[in-house]
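Q: this one's sequence-less:
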């Protein structure tokens, strides 16, 4: 029995201990990766929030067809003067941002245009009420056409077959045309807008054709006669910005160039945009035309 015990092998178990605390330092690497990922995420959100719609569309197009966009380029690809929208001298500014005390110019223009449209709509209603209230004018209401256009309020006085505004082939106003113009003149001083006058004829030519006195001169003379009558009706003279003779170049009834309705006077109470357009084109105060352009736009009076 003692011999058996002596022959058994002696097994020694050694336990290896690893120092370093709980889990070692691996958690630090994982945490650093997490913080980096979150920083990248918030940076992406900030860039998307500060990018314009066009830039976002360009990015979308690039990922849909990257080769096509890269080759063709475009307004949404690589044309920004600053990498970050709102960059430059003022790094705090961004698209759509308004600082305290600052008024965005486009919003101011929109508000002014909206207010101007309200005034012109009210003027239109005032003229229509004046026509209805005046028995002498109400019989001609079919010859008075009022509408709002991109240039402002347009008032057209058109000929009828048996009720022309002017003597045939002349710039002499009929008595009832003077009454109409005087009534319109009373209302035009209610708004600060400038006006543009244009005269139109039908396509019936003068016997002498365009070589002598023609529809161009006649339409311009009629427009200028209307200007004088508006001023006689107490409209302020400085409100006239342009007087134009257009002959039959702009027909009311294009299907029938000889129709009486094509003979008309058009008064446009111009909005600010249309007024600026006229003054910019004639900003030098000197109109330079060749013969063809003179035929298209015969301006007799330009009181800027």
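A: Structure received. These figures come from a predicted structure and were not determined experimentally.
Q: for the stretch 151-300 of the chain, what spans make up the strands?
A: With DSSP state E, counting those that start in this stretch as the criterion, the stretch 151-300 of the chain has strands at 152-158, 195-200, 240-245, 264-270, 298-301.
Q: Can you check which of those strands gets nearest to residue 279?
A: In terms of Cβ to Cβ, the element of these nearest to residue 279 is strand 240-245, at 7.8 Å. No exception for glycine: its C-beta is placed from N, CA and C like everyone else's.
Q: Give me the average confidence score over the closest one.
A: Across strand 240-245, pLDDT averages out at 92.
Q: what does stretch 256-267 give?
A: Throughout stretch 256-267, pLDDT has a mean value of 91.
Q: and the end-to-end length of it?
A: Counting by Cα to Cα, to the nearest Å, the length from the leading to the trailing residue of stretch 256-267 is 23 Å.
Q: List of residues touching it?
A: Counting by Cβ atoms under 8 Å, 6 or more residues apart in numbering, the neighbours of stretch 256-267 from elsewhere in the structure are 154-161, 164-166, 184, 195-204, 222-223, 226, 230, 248, 251-253.
Q: cutoff 6 Å now
A: Contacts made with stretch 256-267 from outside it, assessed by Cβ atoms under 6 Å, 6 or more residues apart in numbering, are listed as 155-159, 161, 195, 197-204, 226, 251-253.
Q: List the buried residues in it.
A: Of all the residues in stretch 256-267, those buried under the rule 16 or more other Cβ atoms under 10 Å are 259-267.
Q: Need the strands of the stretch 151-300 of the chain in TSV (columns: distance to residue 46).
A: Shown next, in TSV, are these (distance: least, Cβ to Cβ, whole Å):
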stretch	distance to residue 46
strand 152-158	45
strand 195-200	50
strand 240-245	50
strand 264-270	46
strand 298-301	55
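Q: for those, which one sits closest to residue 44?
A: With distances scored as Cβ to Cβ, the stretch of these nearest to residue 44 is strand 152-158 (48.2 Å).
Q: quick one: that closest one to chain centroid distance?
A: Its chain's average C-alpha position is 21 Å from that of strand 152-158, according to Cα atoms, centre = their mean, to the nearest Å.
Q: Do a quick rundown of the helices in this protein.
A: For the chain, the helices identified by DSSP state H occupy 2-7, 26-50, 53-64, 66-72, 105-133, 135-138, 175-188, 215-232, 272-281, 291-296, in order along the chain.
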